[in-house]
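Peer 1: sequence unknown, structure follows:
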DNA sequence: AACAAATATTTAAACGTTTAACCAAAAAGG
DNA sequence: CCTTTTTGGTTAAACGTTTAAATATTTGTT
């Protein structure tokens, strides 16, 4: 049905091995045969079949992306941190497509068993894992498959990973609030898991406070769902715990959206009555009212870094840094007031 | 390296053909051999290799998703209608994974040539195309590959597609504004392409007006980029064209975010000074302030419908409707005022 | 000119499946 | 009890590549 290497060989009057060597640039051939073959390839519009190639080479040029779907709202099926993942994928795609790799998409909340099946059945060349959980990591490490962890703080130095400096981000966010004169600073955060980004951001918050000689107070902290709703409902609870707060560090822009909405309903003005600093600098952060003062991270760069790293690992390149930490910076907009 | 069908056959004491027939459920075998083979499969943890299978069967259980990246901001690389696509993919994944298909992700703004390569090199079983352009459609039709168009109004009845009733959505949105007493209704819309959803929404807008005996006035319409910024800058321009508007129909929630922000800066209150109705009912629509009155579409269902349809086409099932139009409904929230 | 060395090309096996065609044994028909 | 049919299983070719090993051709050396 499709044109095969055999067709090319026949038409060019050479053996299929020659054609193969030429397209893989593996052995010397006389310039004339090379030209002849290349011409017929073009003429017949020949494209090597990846299935066959994968079989023969044990290399498929296929890499898997594991994306967590667990943040999906169970009732509505709506994903929360949505924009985040798409951008990440986009960043990944940008470099993989340049290197002739294709992307296979899978939900990473699947059991390791499912992931395992995928890997062996499809002969993946590598994996980019977003939001790994320890059981999955445990499995992957037994494998000899190259993989990159994105945004994971699973304690394992033997493993490649890329992320941002969440702790420093939390630190400068809180510090900015402190420098603006705030002392009673609340933390509205996503789930504080041991290996999660929110824990790191919290640690930054804590450090900033402690540097100022302030103590972290439990009643200034509320843990909520990383979602619009989580922010909407959470800020209420947080304020219940301590209504003398003058500033809030919300550890995700997504949360901040809900916060802003609730505060408007409560007629507390941001930043006049209450300052809000956020994290992520999602595309919409600038377009909220007030525009969010927030910690910027480039998700797309995170994606492309991860992909680049994976390509290097696959190609056995020398890697100088197993763990890449991308920088983070404070974006001052309108949601924080000096007092 | 991996365990193959040969290993299973040897251990079970049968030929590889028998094993193959059993796992494909293709021929009668005695219950005992079946059990014996199935047991060894489990014991050895055998999983058939999709590359080899794809080669032999000319069927890969791989389907491609073409996602448009053209809405990406050229400077920042940030995607606009982001949340939208992720949800769509999620909906697709939900059904394909159940049917043992895997998803290959590609940018659909690629030239048909790239898509072509992908199809023949990977032997895809089918394609879900989001935001097709006519050149691509032209190419795909020459192919005998099953494909489903999502959100496309390319005029072609021979082709499978799923979308929502954009025109009706535009109609009820506008009608609601009319029923609320508005007469000077602006349209702030994404690019009005012949085959695009925004054109359809516009047609709904027009019909509603005409039913009321009102004429569409060019100075009430402004075409802008489908993005936060597009809304932010667009609403200004629209109001410049006609500052006596009492209501605006913004054809995408994404646009509305920017609109809301700009209006707040201009100190025009929504809905007191100006009513706003929107389209999409993105997850955040409810959490803006004011909460958006908008036209709801279930993107995740759109995705799963497309996938289901594709599965049916691939399996040569009888299809009664080539074009699926999902319903749309008005969600009344706080951004429209009766006058 | 003869031989060795280097270079260019081909042959054939392998990758892990599926499946048409074939065969043996058991069941059914007369 | 012999022949036909059915059932259960095997053999071997095919899918489209790669690649080690073998072979043929050219180039270089003496």
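Peer 2: Ah, there it is. The shown structure was predicted, so the numbers you read here are calculated from the model rather than taken from an experiment.
Peer 1: near DNA strand C, which residues of the stretch 51-200 of chain A show up?
Peer 2: By Cβ under 7 Å from any atom of the strand, the residues of the stretch 51-200 of chain A that approach DNA strand C are A:52, A:55, A:56, A:58. Heads up, the C-betas are built off the backbone N, CA and C, glycines and all.
Peer 1: need the helices for chain A, in chain order.
Peer 2: Counting by DSSP state H, chain A has helices at residues A:5-12, A:16-24, A:31-44, A:50-57, A:82-98, A:112-122, A:134-142, A:166-179, A:197-211, A:228-241, A:253-265, A:299-314.
Peer 1: could I get these as JSON lines with mean neighbour count and distance to chain B?
Peer 2: Output for those, formatted as JSON lines (neighbours: other Cβ atoms under 10 Å in any protein chain shown; distance: least, Cβ to the nearest Cβ, whole Å):
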{"stretch": "helix A:5-12", "mean neighbour count": "18", "distance to chain B": "13"}
{"stretch": "helix A:16-24", "mean neighbour count": "18", "distance to chain B": "12"}
{"stretch": "helix A:31-44", "mean neighbour count": "15", "distance to chain B": "12"}
{"stretch": "helix A:50-57", "mean neighbour count": "19", "distance to chain B": "4"}
{"stretch": "helix A:82-98", "mean neighbour count": "23", "distance to chain B": "4"}
{"stretch": "helix A:112-122", "mean neighbour count": "18", "distance to chain B": "5"}
{"stretch": "helix A:134-142", "mean neighbour count": "15", "distance to chain B": "13"}
{"stretch": "helix A:166-179", "mean neighbour count": "23", "distance to chain B": "19"}
{"stretch": "helix A:197-211", "mean neighbour count": "21", "distance to chain B": "19"}
{"stretch": "helix A:228-241", "mean neighbour count": "21", "distance to chain B": "4"}
{"stretch": "helix A:253-265", "mean neighbour count": "25", "distance to chain B": "4"}
{"stretch": "helix A:299-314", "mean neighbour count": "22", "distance to chain B": "5"}
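Peer 1: Return the member of the residues of the stretch 51-200 of chain A next to DNA strand C nearest to residue B:13.
Peer 2: residue A:55 (26.3 Å; Cβ to Cβ).
Peer 1: Is it correct that that closest one is in contact with residue B:55?
Peer 2: Yes. The pair residue A:55 / residue B:55 is scored as a contact, 6.1 Å apart, by Cβ atoms under 8 Å.
Peer 1: Show me what residue A:295 bridges to in the sheet.
Peer 2: Judged by DSSP bridges, the bridge partners of residue A:295 are residue A:279, residue A:330.
Peer 1: was I right about it contacting residue A:280?
Peer 2: Yes. Counting by Cβ under 8 Å, residue A:295 does reach residue A:280; the two are 7.0 Å apart.
Peer 1: So which of the two has more stuff around it?
Peer 2: Each of residue A:295 and residue A:280 has its neighbours counted (other Cβ atoms under 10 Å in any protein chain shown); residue A:295 has more, 30 against 27.
Peer 1: Report the contact partners of that one.
Peer 2: If you count contacts by Cβ atoms under 8 Å, 6 or more residues apart in numbering or on different chains, residue A:295 has them with A:169-170, A:172-173, A:277-281, A:328-331.
Peer 1: go on, residue A:301?
Peer 2: Residue A:301 neighbours (Cβ under 8 Å, 6+ apart): A:91, A:326.
Peer 1: Could you measure from it over to residue A:67?
Peer 2: Using Cβ to Cβ, to the nearest Å, residue A:301 is found at 18 Å from residue A:67.
Peer 1: hang on, the earlier thing: need the contacts of residue A:295 in TSV (columns: pLDDT and distance to DNA strand D).
Peer 2: Converted to TSV, these look like this (pLDDT from 0 to 100; distance: Cβ to the nearest atom of the strand, whole Å):
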residue	pLDDT	distance to DNA strand D
A:169	98	45
A:170	98	48
A:172	98	50
A:173	98	51
A:277	98	54
A:278	98	50
A:279	97	46
A:280	94	43
A:281	94	44
A:328	97	42
A:329	97	45
A:330	98	50
A:331	98	48
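Peer 1: Pick the one among the residues you listed closest to residue B:159.
Peer 2: Closest approach between the contacts of residue A:295 and residue B:159, by Cβ to Cβ: residue A:280, at 39.5 Å.
Peer 1: if I look at the closest residue to that closest one other than its chain neighbours, how far off is DNA strand D?
Peer 2: Nearest residue to residue A:280, sequence neighbours excluded (Cβ to Cβ, 6 or more residues apart in numbering or on different chains): residue A:253, at 4.3 Å. Distance from residue A:253 to DNA strand D, counting by Cβ to the nearest atom of the strand, to the nearest Å: 46 Å.
Peer 1: so residue A:253 makes contact with residue A:279?
Peer 2: Yes. Using Cβ under 8 Å, residue A:253 makes contact with residue A:279 at a distance of 6.7 Å.
Peer 1: Now do the shared contacts for the two.
Peer 2: The contact sets of residue A:253 and residue A:279 overlap at residue A:294 (Cβ under 8 Å, 6+ apart).
Peer 1: how about the residues of chain A near DNA strand D?
Peer 2: Applying Cβ under 7 Å from any atom of the strand, we find that chain A lies next to DNA strand D at A:1-2, A:4-6, A:16-17, A:19-21, A:23-24, A:26, A:46-49, A:51-53, A:55-57.
Peer 1: Can you give the domain ranges for chain A?
Peer 2: Domains of chain A are assigned by automatic domain parsing as A:5-48, A:62-164+A:299-326, A:166-297.
Peer 1: Which of the ones you listed comes out lowest on mean pLDDT?
Peer 2: Set side by side, those give their lowest mean pLDDT on domain A:62-164+A:299-326, at a mean of 86.
Peer 1: what about residue A:318, how many neighbours?
Peer 2: Residue A:318: 5 surrounding residues under other Cβ under 10 Å.
Peer 1: any idea how far DNA strand D is from it?
Peer 2: Note on residue A:318: its distance to DNA strand D, by Cβ to the nearest atom of the strand, is 22 Å.
Peer 1: Could you do residue A:193 as well?
Peer 2: Here the criterion is Cβ to the nearest atom of the strand. By it, residue A:193 lies 43 Å from DNA strand D.
Peer 1: How about that residue: what's its closest non-neighbour residue?
Peer 2: Take residue A:193 and drop its neighbours on the chain: the residue closest to it by Cβ to Cβ, 6+ apart is residue A:199, 6.1 Å away.
Peer 1: dump the residue contacts of that neighbour.
Peer 2: Contact analysis of residue A:199 by Cβ under 8 Å, 6+ apart lists A:153, A:192, A:193.
Peer 1: Highest neighbour count among those?
Peer 2: Within the contacts of residue A:199, most neighbours by other Cβ under 10 Å means residue A:153, with 19 neighbours.
Peer 1: How many residues are close by the closest residue in space to that residue that isn't next to it in sequence?
Peer 2: Nearest non-adjacent residue to residue A:153, counting by Cβ to Cβ, 6+ apart: residue A:195, 4.5 Å away. Neighbourhood size, residue A:195 [other Cβ under 10 Å]: 18.
Peer 1: thinking residue A:195 is in contact with residue A:156, fair?
Peer 2: No. Shown here, residue A:195 and residue A:156 do not form a contact pair, counting by Cβ under 8 Å, at 9.5 Å.
Peer 1: Now do stretch A:310-319: everything it contacts.
Peer 2: The contact list for stretch A:310-319 (Cβ under 8 Å, 6+ apart) reads A:63, A:95-96, A:99, A:101, A:125-128, A:146-148, A:160, A:309.
Peer 1: ok, of those residues, which one's closest to chain B?
Peer 2: For those, the residue nearest chain B by Cβ to the nearest Cβ is residue A:96; the value is 9.6 Å.
Peer 1: ok, now how distant is the closest residue in space to that closest one that isn't next to it in sequence from residue A:104?
Peer 2: Excluding its sequence neighbours, the residue lying closest to residue A:96 (Cβ to Cβ, 6+ apart) is residue A:307, at 5.2 Å. Separation of residue A:307 from residue A:104 (Cβ to Cβ) stands at 13 Å.
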